[in-house]
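In: how does the following fold in three dimensions:
(one chain, ligands or ions: 1)
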Amino acid sequence: MADNRYTVPYLPAGSTFGPAEIDAVTRVLQSGDKLSCGPERDAFEAEFAAYTGARHALTLTNCTIALEFATYLLNLQPGDEVIAATQTYQANVTPLLGTPARVRFCDVDPETLNISPDSFASLITDRTRALYLVHHGGTPADMDPIMKIASESSISVVEDCAHALGACYHGRSPGTLGHFGCWSFQSYKNISTLGEGGMLTVADDRHAEVIRRIRAIEPDADFERRTEPPFPGLLPPADDVERHAKNAYDEDCTVMRHPGTNSTLSEPAAAVGRVQLRRLGALVARRREIADRLDSGLGSVAGIRVQPRRPGIDSGHHLYTFFLDATAGIDRDLFIARLDSLGIQIQLRYFPVHLLPEWRHRGHHLGECPIAERIWFREQVNLPIYPQMNDWQVDFMIETVHKTIRELSR
Ligand SMILES: Cc1ncc(COP(=O)(O)O)c(C=O)c1O
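Out: Here you go, the predicted structure:
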């Protein structure tokens, strides 16, 4: 929630929802149609697939479950290894804690905070099965070299696209470059489906079919037809009687892989997602304007390094990150405390995951990803960015950063 004590709170007050979203919810509620697993979901999936170029787009309740489902589909076994980004939100890699795979964390490119192809290549062994990466802050990772390295070693790639809706990598959308694209429509993301929501994009038809089943409480299992009913003395229902779980009378389960769970997006949420997807261009364009204004206001300040733009790569501008140059001799924590006291609320994104207690418990340690650690503990600053921000707030941030640099460099 926005913190009113700040001139520029880190998170915006309210949402980007307007009359079109409110109309969409009203239309669905007044339609008399069912509110789950209906036409809005199907239309949102088709429109999302068309927008991203994905073969299949499957709505879910959030990105965390999309990452869990991708992990399920990978079927990781003892002895398998996975390479994973460390500068990411914890949900990106949490599902791996429930697998027997050994995780090797990958260091970052110091400009983008995405995994670096060289660091990825250096961690591959003949046991590596998968790569988990994030498009940090909405800037696509360098997918051409990454996918070339991955395909040479038959490594599956899970893309965490929570920040990357509206981004573009040489004409293609993130989430269609690897094998699994995991998307978030939580409140503060580039679009939102009433506060929570997610999508899994996949190219493989079998993967799509499995997810369609398990997201709606159907098991992923093998069944065998019975000739005799399993309940002696009880008659099966007549053919014209609709009874829940009718197959209980004529099928046995021979192999159970996943019991199924419920993670379906509601119809009002999907209807709002459709409206937000149509507004995505404008929402991301406003984020880009803010990022451009910040870059030109901060790019020439001695002691600051802004993130470079790369030809053919457009960010979704979900986060705005810059770095304090180590040579400027400014203490980063003092710097952000000063910005905070002057009215800019700062939240840093993201603590290197390998140093979280649950991963240290598995033997991960300081020194494992030295670039990510140096940047996180000493150099990185995130400024607020969201479409609801006005130009006056952007200029206030630029002036305040200038003033703080001058003060602390003395
Ligand atoms: C990089 C990243 N991955 C995954 C998630 C989880 O998304 P959700 O809240 O939709 O589960 C987030 C949410 O903040 C995120 O930033």
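
In: where along this protein do the helices fall?
Out: Taking DSSP state H to define them, one finds helices in the chain at 19-31, 39-52, 63-74, 117-123, 143-152, 205-214, 267-298, 332-341, 357-360, 370-374, 391-409.

In: so which of the ones you listed is nearest the ligand?
Out: helix 63-74 (3.3 Å; CB to the nearest ligand atom). Just so you know, the C-beta spots here come from the backbone N, C-alpha and C atoms, and that holds for glycine as well.

In: how about the nearest residue to the residue sitting nearest the centre point of the chain, chain neighbours excluded?
Out: Geometric centre of the chain, nearest residue: residue 162, 2.1 Å, by CA atoms, centre = their mean. Closest residue to residue 162 apart from its sequence neighbours, by CB to CB, 6 or more residues apart in numbering: residue 184 at 3.8 Å.

In: what about the one you found, neighbour count?
Out: 30 (other CB atoms under 10 Å).

In: need the contact list for residue 58.
Out: Listed by CB atoms under 8 Å, 6 or more residues apart in numbering, the contact set of residue 58 reads 45, 199-202, 208, 211-212, 215.

In: swap that for residue 266, please
Out: Contacts of residue 266 (CB under 8 Å, 6+ apart): 35-36, 194.

In: if we go to 10 Å?
Out: 28, 34-38, 40-41, 59, 61, 193-194, 196-197, 272 (CB atoms under 10 Å, 6 or more residues apart in numbering).

In: likewise for residue 302?
Out: 325, 327-328, 405, 409.

In: cool, and residue 6?
Out: Contacts of residue 6 (CB under 10 Å, 6+ apart): 340, 342-346, 384, 393.

In: okay, now the residue nearest to residue 246 when sequence neighbours are not counted: neighbour count?
Out: In space, and not counting its chain neighbours, residue 246 is closest to residue 237: 6.3 Å by CB to CB, 6+ apart. Counted by other CB under 10 Å, the residues lying close to residue 237 total 12.

In: next one: residue 237 from the ligand, what distance?
Out: According to CB to the nearest ligand atom, to the nearest Å, residue 237 and the ligand sit 40 Å apart.

In: may I have the phi/psi pair for that residue?
Out: phi -70, psi 150 (degrees, to the nearest 10).

In: just checking, it touches residue 249?
Out: Yes. With contact defined as CB atoms under 10 Å, residue 237 counts as touching residue 249 (7.2 Å).

In: so what's residue 252 closest to, chain neighbours aside?
Out: residue 224 (5.0 Å).

In: and for residue 327?
Out: residue 303 (7.8 Å).

In: measure the one you found to residue 331 for me?
Out: 12 Å (CB to CB, to the nearest Å).

In: give me the more crowded residue out of the two.
Out: residue 303 (18 against 12).

In: please identify the buried residues of stretch 254-261?
Out: 258, 261 (16 or more other CB atoms under 10 Å).

In: how far off centre is it?
Out: The chain centre lies 26 Å from the centre of stretch 254-261; the measure is CA atoms, centre = their mean, to the nearest Å.

In: now stretch 396-408
Out: The mean C-alpha position of stretch 396-408 is separated from the chain mean by 32 Å, CA atoms, centre = their mean.

In: also stretch 289-309?
Out: The answer for stretch 289-309 is 25 Å, by CA atoms, centre = their mean.

In: got the CA positions of stretch 115-123 in CSV?
Out: Output of stretch 115-123 as CSV, limited to C-alpha atoms (Å, rounded to 0.1, in the frame of the first residue of the first chain):
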residue,chain,number,x,y,z
ILE,A,115,22.2,-14.2,-15.4
SER,A,116,25.2,-13.9,-17.6
PRO,A,117,25.6,-16.5,-20.4
ASP,A,118,29.2,-17.0,-19.3
SER,A,119,28.4,-17.7,-15.7
PHE,A,120,25.6,-20.1,-16.8
ALA,A,121,27.9,-22.0,-19.2
SER,A,122,30.5,-22.3,-16.4
LEU,A,123,28.1,-24.1,-14.1
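
In: can you give me the mean pLDDT across stretch 32-42?
Out: What stretch 32-42 shows for mean pLDDT is 95.

In: sorry, back to before: of the contacts of residue 302, grab the buried ones for PyMOL.
Out: Buried members of the contacts of residue 302, defined by 16+ other CB under 10 Å, are picked up in PyMOL with:
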select buried, resi 328+405
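
In: let's have the contacts of residue 302 in a markdown table, adding distance to the ligand.
Out: Listed next are the contacts of residue 302 as a markdown table, based on distance: CB to the nearest ligand atom, whole Å:
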| residue | distance to the ligand |
| --- | --- |
| 325 | 26 |
| 327 | 30 |
| 328 | 29 |
| 405 | 29 |
| 409 | 33 |
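
In: follow-up on the earlier one: got a list of what the residue nearest to the centre of the chain touches?
Out: 62-64, 66-67, 88-89, 91-92, 134-135, 138, 182-186, 189-190, 198, 316, 318.

In: ok, it to the ligand distance?
Out: On the measure of CB to the nearest ligand atom, residue 162 and the ligand end up 3 Å apart.
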